[in-house]
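Trainee: Attaching a predicted model along with its sequence, questions to come.
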Amino acid sequence: MFKSESFIRLVVFMSVGYLCAGTVFSVFASIPLFTSYLEVSFMQASLGISASFILSCVCAMVALRYLVPRYGAKAIYEQDVLIFMIGMLFVALTINKAMFMIGLFVAIAALCVYFYENFRRQITVARKGKYFMVLCGWMLGPLVAVLVITMFKEYGLLTIRILFAHYIALAFFVWIQRLELHEDYKDASQILFGSSEKKYPNPVYDETEGHKRTNAAQNDNKRKI
């Protein structure tokens, strides 16, 4: 059981780099194919994708400042990969410009949250030397994308669609495995660019009692004891 859970955590950690680096690389590598399909210039596509990246990351940061203190880190961080899957589904099935930009915006915003939530914990684990493989995903993501695009370039946009589809499949696997790990996310960042602990109590999941309680309520209980 312990070995199985350790392996699952290793796979989940590796997926952070694989999904983040692989998705970003694949999106920019697919620009020439999408320009001809969507009938836009390379410059327009590049500027549009870059602007979408920046805007989606900013929106994700702003949303975290409101959502995490209000609903708790576990409730938000446990669903980020699910949102990423929805966005990638739009991108993979793109038939027009609006569908592509909406899917890209949603996917990158969720990916920003996923990266922010896990990367700091990844680095901490890697520095301890426990699992040096947790950082291998950052290399494997772009490497797999390059190999797939190079080997199957004659299939054009279909190759990119399948590449995006395999990110969705992996993200679904990761989402299921994370639900089974029963993480409490107490070590996850609560808010970006500041602290909200004094102003907003952070709901955490108490596995022994099976319900949510705020930090303030927990402190009161400790005082009574």
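Mentor: That came in fine, so what should we check first?

Trainee: on contacts alone, who are the packing partners of the host helix or strand of Ala109?
Mentor: Take DSSP states H and E as the rule and Ala109 turns out to sit in helix 97-127. Here helix 97-127 is seen to pack against helix 2-29, helix 31-38, helix 42-71, helix 73-77, helix 80-92 when contacts are counted using 3 or more CB pairs under 8 Å, 6 or more residues apart in numbering; DSSP states H and E. C-beta: built from backbone N, CA, C; applies to glycine.

Trainee: repeat that for 7 Å
Mentor: helix 2-29, helix 31-38, helix 42-71, helix 80-92 (3 or more CB pairs under 7 Å, 6 or more residues apart in numbering; DSSP states H and E).

Trainee: for the record, mean pLDDT for it?
Mentor: For helix 97-127, the mean pLDDT works out to 81.

Trainee: And that helix, what's buried?
Mentor: Buried residues in helix 97-127, counted by 16 or more other CB atoms under 10 Å: 97, 100-101, 103-119, 121-122, 125.

Trainee: Stretch 167-179 too?
Mentor: When burial is assessed from 16+ other CB under 10 Å, stretch 167-179 yields the following buried residues: Tyr167, Ile168, Leu170, Ala171, Val174, Trp175, Gln177, Arg178.

Trainee: rewinding a little: give the next helix or strand downstream of the helix holding Ala109.
Mentor: Tracing the chain past helix 97-127, the next element assigned as helix or strand by DSSP H and E is helix 137-151.

Trainee: just to revisit the earlier point, next one: the helix holding Ala109 to chain centre, how far?
Mentor: The chain centroid and the centroid of helix 97-127 are separated by 4 Å under CA atoms, centre = their mean, to the nearest Å.

Trainee: of the helices and strands packed on helix 97-127, which approaches Cys136 most closely?
Mentor: Put simply, out of the helices and strands packed on helix 97-127 the one that sits nearest Cys136 is helix 2-29, at 6.1 Å, with distance taken as CB to CB.

Trainee: Now do the closest one against helix 137-151, angle only.
Mentor: Compare the direction of helix 2-29 with that of helix 137-151 by axes from the mean of the first three to the mean of the last three CA atoms, to 10 degrees and you get 50 degrees.

Trainee: Now do helix 2-29, average pLDDT.
Mentor: For helix 2-29, the per-residue pLDDT values average out at 82.

Trainee: Could you check the angle it makes with helix 97-127?
Mentor: Orientation of helix 2-29 against helix 97-127 (the same axes, to 10 degrees) gives an angle of 140 degrees.

Trainee: Give the buried residues for helix 2-29.
Mentor: Neighbour counts over helix 2-29 (16+ other CB under 10 Å) mark 9-27, 29 as buried.

Trainee: elements contacting that helix?
Mentor: Under the contact rule (3+ CB pairs under 7 Å, 6+ apart), helix 2-29 is packed against helix 97-127, helix 137-151, helix 157-181.

Trainee: Tabulate those (JSON lines), appending distance to Ile76.
Mentor: Rendered in JSON lines, the data for the helices and strands packed on helix 2-29 read as follows (distance: least, CB to CB, whole Å):
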{"stretch": "helix 97-127", "distance to Ile76": "7"}
{"stretch": "helix 137-151", "distance to Ile76": "22"}
{"stretch": "helix 157-181", "distance to Ile76": "13"}
